[in-house]
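Asks: have a look at this prediction, sequence included:
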Amino acid sequence: MTPLRRLLTNPPALLGLLILLDVIVIAVRGNAPAPAPQPVLRQFASTIDAQYHECVPLGWFPDSRPWRGYFPGYNADVTDKGAALQALWVAVLPARTNDRHAAAIGAVLDELTRLGLLARDELPGQLRYHLTREGERYYYEDNHLGNNVEAWPYLCFSRLHARDVAWASRPSKGGKAYRNDVTARIRITWEPAVNAPWATPFVKAHAVELNPTSSPAVATVRRHSDGTWGVAQFDFAFPLVENPSAWTTAV
């Protein structure tokens, strides 16, 4: 009698083998997490679709450095974030200036004022700008998924639209930033989706692109302690000034 036939004719031995196999399967599943189900990819897409992408620097001049993004070459923002009852955002410019950066900022702020997003107060020797209720809807200074590390202020008129989201790696534990969490990588093919009616050609010409700036992009996703998944952050990329010459020819 063969070993297999002997096992099949011995119910206690067969039951013991099945129990052993079940224990092995449970152990393997516990040590090698499987990819999250496909509905989670749709959840990631929804998160990405909420991400601002094209924005107008609000009260500051984006001094473009193609090899490392940009930084404020001139900043008219005077908001005191620590003051009680402080307006969400305030900028002050001299009423007359020979500074080309200040003049370019003024041209942008005046266009946003004309569009109803800002209000301008003319004071002795200076112009004071602040957000209207409409402008507050598009104001952005957060750092969602790593797209605004410096927390600079913007008015944003477009968001990302995820056309496709796919796994780029299997879930694993012990990554550099999340040593105690299960993480994975996803690849996102995206396009910008304009969702603001005030995005005039002048405004679009002065836009910057927040991270990510190319498609497809790669992001890290993380499994929380309750078993749910979320997008942690995009891979780092320097933001871009879409049309640097528009800022130098604004006035």
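Replies: Yes, it's here.

Asks: which residue is the nearest non-sequential neighbour of Leu58?
Replies: Pro153 (4.3 Å; C-beta to C-beta, 6 or more residues apart in numbering). No exception for glycine: its C-beta is placed from N, CA and C like everyone else's.

Asks: can you tell me how far that neighbour sits from Val165?
Replies: According to C-beta to C-beta, to the nearest Å, Pro153 stands 30 Å off from Val165.

Asks: comparing these two, which residue is more hemmed in?
Replies: Taking neighbours as other C-beta atoms under 10 Å, Pro153 and Val165 compare with Val165 leading, 25 against 22.

Asks: so which residues of the stretch 101-250 of the chain form strands?
Replies: In the stretch 101-250 of the chain, the strands defined using DSSP state E, counting those that start in this stretch lie at 118-123, 126-131, 139-140, 154-156, 158-167, 172-173, 182-194, 208-209, 217-223, 229-234, 240-241.

Asks: ok, which of the ones you listed comes nearest Asp80?
Replies: strand 126-131 (12.9 Å; C-beta to C-beta).

Asks: what's the neighbour count on the closest residue to Thr220 other than its chain neighbours?
Replies: Counting by C-beta to C-beta, 6+ apart, Thr220 lies nearest to Ala232, which is 4.6 Å off, once chain neighbours are set aside. Applying other C-beta under 10 Å, we find 17 residues neighbouring Ala232.

Asks: wait, Ala232 sits on Val182?
Replies: No - Ala232 is beyond contact range of Val182, at 11.4 Å (criterion: C-beta atoms under 8 Å).

Asks: which neighbours do those two share?
Replies: Arg222 (C-beta atoms under 8 Å, 6 or more residues apart in numbering).

Asks: flag every buried residue along stretch 93-100.
Replies: Neighbour-count burial for stretch 93-100 flags 93, 97 (criterion: 16 or more other C-beta atoms under 10 Å).

Asks: please, where are all the helices along this structure?
Replies: In the chain, the helices defined using DSSP state H lie at 3-8, 11-31, 38-49, 100-114, 133-136, 201-205, 244-248.

Asks: lowest-confidence stretch among those helices?
Replies: Here the lowest mean pLDDT among the helices of the chain goes to helix 11-31, at a mean of 46.

Asks: pipe the strands of the stretch 101-250 of the chain into JSON lines and attach mean pLDDT and distance to Tyr74 per row.
Replies: Shown next, in JSON lines, are the strands of the stretch 101-250 of the chain (pLDDT from 0 to 100; distance: least, C-beta to C-beta, whole Å):
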{"stretch": "strand 118-123", "mean pLDDT": "96", "distance to Tyr74": "18"}
{"stretch": "strand 126-131", "mean pLDDT": "96", "distance to Tyr74": "14"}
{"stretch": "strand 139-140", "mean pLDDT": "98", "distance to Tyr74": "20"}
{"stretch": "strand 154-156", "mean pLDDT": "98", "distance to Tyr74": "16"}
{"stretch": "strand 158-167", "mean pLDDT": "96", "distance to Tyr74": "25"}
{"stretch": "strand 172-173", "mean pLDDT": "84", "distance to Tyr74": "46"}
{"stretch": "strand 182-194", "mean pLDDT": "94", "distance to Tyr74": "27"}
{"stretch": "strand 208-209", "mean pLDDT": "96", "distance to Tyr74": "15"}
{"stretch": "strand 217-223", "mean pLDDT": "94", "distance to Tyr74": "31"}
{"stretch": "strand 229-234", "mean pLDDT": "94", "distance to Tyr74": "28"}
{"stretch": "strand 240-241", "mean pLDDT": "92", "distance to Tyr74": "14"}
